[in-house]
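>>> predicted model and sequence follow; I will ask about them next.
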Amino acid sequence: MILIVDCDNTLYPASTNLMALNDAGIASYLTGVMGVSVEQAEGMRIGYLRKYGTTLAGLVAEQKVDPDEFLDYVHSYEVSPILSADPVLREFLCGLKMPRVVLTSANRAHVEKVARALGVLDCIDAIFDLKAVDYLGKPHPHAYETVLAAYPGERAVFVDDRFRNFPPARALNMVNVWVDEGYRPPPGDIAPALNVFYDEARQLAGSASEVVDFTIHTIDELPAIWDGVVARVNGR
Ligand SMILES: [Mg+2]
């Protein structure tokens, strides 16, 4: 058995609003590096999110942007002013007797920064970032299959905050834990493009019972349901 956990808005609460810095980095890349107007940038992001799922996927497909350069730029902010040590998460992760894997569409450096700030970097066995899954991030099946291929024969628990990432995990017989804090950034504190992202969960939540096994508000609730999660894995 292995634990596969997402990084952003999963290892730490969405209500930290750390993703506002990500958002600012993406906007800055479009306007500062690519030189498009603020209005054009918003339009591009909304279009790419709808068509490709992420801004980066659209930039790679249509603008020939180098994904590593983009991810380095977007994740260049410091996380330590916002995230602090999470002793509950540390005790849980470090005590788990199974491989603990982070699967993310960010880059490795970002995951390491986040995990270090939370005090759990040494409790993580492997990081599969976007590059490690050949830039075919969740919900592309290749992302999940790449992780499973590294742990042959193991069944997996999959923990994530984005609902759209669960159907492919279920198709691979993973037990799904949805971290859904129900957080919505304050109006005016978020780029219009990101409303596409935040509306997604609301639109999809109706089908949650079909692909989600457990729902928790934050990762710190995972220890309390863990015995049930393990039982579900063993019962599959
Ligand atoms: Mg996430």
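The structure has been received and is ready for your questions. Note that the structure is a prediction, hence the values are computed from the model and not measured.
>>> when you work out contacts or count neighbours from here on, use the C-alpha atoms and nothing else.
Will do.
>>> list the contacts for the nearest residue to residue 141 once chain neighbours are set aside?
Nearest residue to residue 141 in three dimensions, chain neighbours excluded: residue 168, at 5.9 Å (Cα to Cα, 6 or more residues apart in numbering). Residue 168 is in contact with 139-141, 144, counting by Cα atoms under 8 Å, 6 or more residues apart in numbering.
>>> which SS class is residue 168?
helix (DSSP: H, G, I helix; E, B strand; the rest coil).
>>> so for it, what's the pLDDT?
pLDDT, residue 168: 94.
>>> swap in residue 187?
Looking at residue 187, the pLDDT reads 70.
>>> ditto for residue 70
pLDDT at residue 70 comes out at 97.
>>> may I have the helix or strand where it lies as PDB, with CA atoms only?
Per DSSP states H and E, residue 70 falls inside helix 67-74. Taking Å, rounded to 0.1, in the frame of the first residue of the first chain, the C-alpha atoms of helix 67-74 are listed here in PDB:
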ATOM      1  CA  PRO A  67       7.200  24.400 -19.100                       C
ATOM      2  CA  ASP A  68      10.300  24.200 -16.700                       C
ATOM      3  CA  GLU A  69      11.000  27.900 -17.200                       C
ATOM      4  CA  PHE A  70       7.300  28.800 -16.600                       C
ATOM      5  CA  LEU A  71       7.200  26.700 -13.400                       C
ATOM      6  CA  ASP A  72      10.400  28.100 -12.100                       C
ATOM      7  CA  TYR A  73       9.100  31.600 -12.600                       C
ATOM      8  CA  VAL A  74       5.700  31.100 -11.200                       C
END
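>>> where's residue 81 relative to the ion, distance?
19 Å (Cα to the ion, to the nearest Å).
>>> same deal with residue 103?
Counting by Cα to the ion, the gap from residue 103 to the ion is 9 Å.
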